[in-house]
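Asker: predicted model follows, preceded by the sequence.
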Amino acid sequence: MPEKLKDILFPIEKVELFGRVLKEEYPAFDSKKFVNSVCDEKWPERELKEKMRHTTLCLHKFLPENFSEAVAILQAIVPKVTGFEAIVLPDYVEVYGIDYPEISVPALGVLTTCGSSEYGIRPFLNKDLKGTMKYMLAWAGNKDYKVRRFASEGCRPRLPWGMGVPALKKDPSLILPILEKLKDDPEEFVRKSVANNLNDISKDHPELVLDICERWQGNSKNTDWIIKQACRTLLKQGNKRAMLLFGFANPGQMQIENLQFTDLSPKIGDEISFSFNLNLSTKKKQKVRLEYIVHFVKSTGKTSPKVFQMKEVVLPPGVHPVQKKHSFVNMSTRKHFAGKHTFQIVVNGEVKAEETVLLN
């Protein structure tokens, strides 16, 4: 069984090392009591975020009560931390620094160089959006790529596992100057964040994102890569404007024929195959995006669709056979439930055929 992330990032040896590093910078730090406080009887069972927050709370007991002094110590040890303590540092600022934004927000810009502050910045965005976003915009021009990436990642409207920022979800206009600064960044790590930010925005403001993508298209290879990633949700939704942006032809002359499944009554844990013919009754080659949707049965008995991409390809007119496997094996990210699962074959954003599979 693969080792869990909580155990990789939070071994006791790293807690001990963290304590030694803190004591070197702050001699009054009681590293032995700190380690004993962190590594209590519940330590092995705690999950990753629980371990992080528990360490933060323990750390507070042994640092100066004065927040400014405590944060100065944390910033001073940044060059010496690379493991779990790197994510504890911004968490400390998030928990104890909300009333000191003039100290906390600049500190998060420093702490992000060893462990990303993208989660720690969220409460400050909610408390003073415009003031905090001024820092984010300035960080977009930082020489350190980790800080530039933080400028985009920290203000994503739908940051996974992050605190929501409703104001940015409703009006992302303060984000856009940051993305403009970073759209041709030399670091892929930064460009990926820009694409993810735009993808987040597209879920609430699709036309705005399409306006940006149309304007950026062709600027460089970097911006072309960004806009393709940024439009991934719109493409999965079959958004016509997004389809045309990337050259996917009108599916009117594209048909799915002879859709067949190897098993229409599989069991949970089985793998099945399906096949069909894609018939292009066109005069020229066409750029084709093939996907299939599975409407999974949930624990409630209702269904929820999931889009799976098969391929993007340029094809000549004629009939093209396609075959695909699909697994009903339970995974950590998806648990299957018995019931009718509808499969839909999608060509350039349009559903062209469907079949129902009864999962047992």
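Answerer: Arrived safely. All of these numbers come straight from a predicted model, not from anything done at the bench. Residues are numbered from 1 along each chain as shown.
Asker: now residue 159. Nearest residue, chain neighbours left out?
Answerer: Nearest non-adjacent residue to residue 159, counting by Cβ to Cβ, 6 or more residues apart in numbering: residue 118, 6.4 Å away. C-beta here means a position set from N, CA and C on the backbone, and glycine is covered the same way.
Asker: where does the one you found fall, helix, sheet strand or coil?
Answerer: coil (DSSP: H, G, I helix; E, B strand; the rest coil).
Asker: in this protein, which spans are strands?
Answerer: Ranges of strands in the chain, per DSSP state E, are 254-261, 271-280, 286-297, 303-315, 318-327, 339-347, 350-359.
Asker: so which of the ones you listed comes closest to residue 30?
Answerer: strand 303-315 (50.9 Å; Cβ to Cβ).
Asker: what are the buried residues along that closest one?
Answerer: 303, 307, 312, 315 (16 or more other Cβ atoms under 10 Å).
Asker: pLDDT added to the residues you listed, as TSV?
Answerer: Listed next are those as TSV, based on pLDDT from 0 to 100:
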residue	pLDDT
303	96
307	94
312	94
315	95
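Asker: now, which of these sits nearest residue 356?
Answerer: Distances from residue 356 to the buried residues of strand 303-315, taken by Cβ to Cβ, are shortest for residue 303, at 10.9 Å.
Asker: who is the closest one paired with across the strands?
Answerer: residue 297 (DSSP bridges).
Asker: so what's it up against?
Answerer: Residues counted as contacts of residue 303 (Cβ atoms under 8 Å, 6 or more residues apart in numbering) are 295-297, 339, 341-342.
Asker: give me the buried subset of those.
Answerer: Buried, going by 16+ other Cβ under 10 Å: 295-297, 339, 341, out of these.
Asker: and the residues you listed as JSON lines, adding distance to residue 128 and pLDDT?
Answerer: Output for the buried ones among the contacts of residue 303, formatted as JSON lines (distance: Cβ to Cβ, whole Å; pLDDT from 0 to 100):
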{"residue": "295", "distance to residue 128": "43", "pLDDT": "97"}
{"residue": "296", "distance to residue 128": "41", "pLDDT": "97"}
{"residue": "297", "distance to residue 128": "45", "pLDDT": "96"}
{"residue": "339", "distance to residue 128": "48", "pLDDT": "96"}
{"residue": "341", "distance to residue 128": "47", "pLDDT": "97"}
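Asker: wait, doesn't residue 288 sit right on residue 249?
Answerer: Yes: Residue 288 is within contact range of residue 249, at 7.4 Å (criterion: Cβ atoms under 8 Å).
Asker: now for the two: what residues contact both?
Answerer: Shared contacts of residue 288 and residue 249, counting by Cβ under 8 Å, 6+ apart, come down to residue 348.
Asker: give the full set of residues in contact with residue 207.
Answerer: Contacts of residue 207 (Cβ under 8 Å, 6+ apart): residue 241.
Asker: what does residue 26 give?
Answerer: 63-64, 73.
Asker: which pair of the buried ones among the contacts of residue 303 spans the longest distance?
Answerer: 295 and 339 (9.9 Å).
Asker: quick check: beta-bridge partners of the nearest residue to residue 320 once chain neighbours are set aside?
Answerer: The shortest distance from residue 320 to any non-neighbouring residue, by Cβ to Cβ, 6+ apart, is to residue 278 (4.5 Å). Going by DSSP bridges, residue 278 is paired in beta bridges with residue 256, residue 320.
Asker: for residue 278, give me its contacts.
Answerer: 254-257, 288, 290, 315, 319-322, 347.
Asker: same thing with residue 212?
Answerer: 176, 179, 198, 227, 230.
Asker: any idea of the pLDDT on it?
Answerer: Residue 212 is assigned a predicted lDDT (pLDDT) of 97.
Asker: count of neighbours near residue 330?
Answerer: 12 (other Cβ atoms under 10 Å).
Asker: my read is that it contacts residue 267, right?
Answerer: No: with contacts counted by Cβ under 8 Å, residue 330 stays clear of residue 267, the gap being 11.6 Å.
Asker: please name the residues that touch residue 294.
Answerer: 305-306, 308, 326, 341-343.
Asker: correction: residue 200
Answerer: 156-159.
Asker: looking at these, which is nearest residue 92?
Answerer: So of those, ranked by how close each gets to residue 92 (Cβ to Cβ), first place is residue 159, at 19.4 Å.
Asker: list the buried residues for stretch 28-47?
Answerer: For stretch 28-47, by 16+ other Cβ under 10 Å, it's 29, 31, 34-35, 37-39, 46.
Asker: put together JSON lines for the contacts of residue 303, with distance to residue 189 on each row.
Answerer: Formatted as JSON lines, the contacts of residue 303 follow (distance: Cβ to Cβ, whole Å):
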{"residue": "295", "distance to residue 189": "35"}
{"residue": "296", "distance to residue 189": "33"}
{"residue": "297", "distance to residue 189": "38"}
{"residue": "339", "distance to residue 189": "41"}
{"residue": "341", "distance to residue 189": "37"}
{"residue": "342", "distance to residue 189": "39"}
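Asker: nearest to residue 218, out of the residues you listed: which one, please.
Answerer: Distances from residue 218 to the contacts of residue 303, taken by Cβ to Cβ, are shortest for residue 295, at 37.3 Å.
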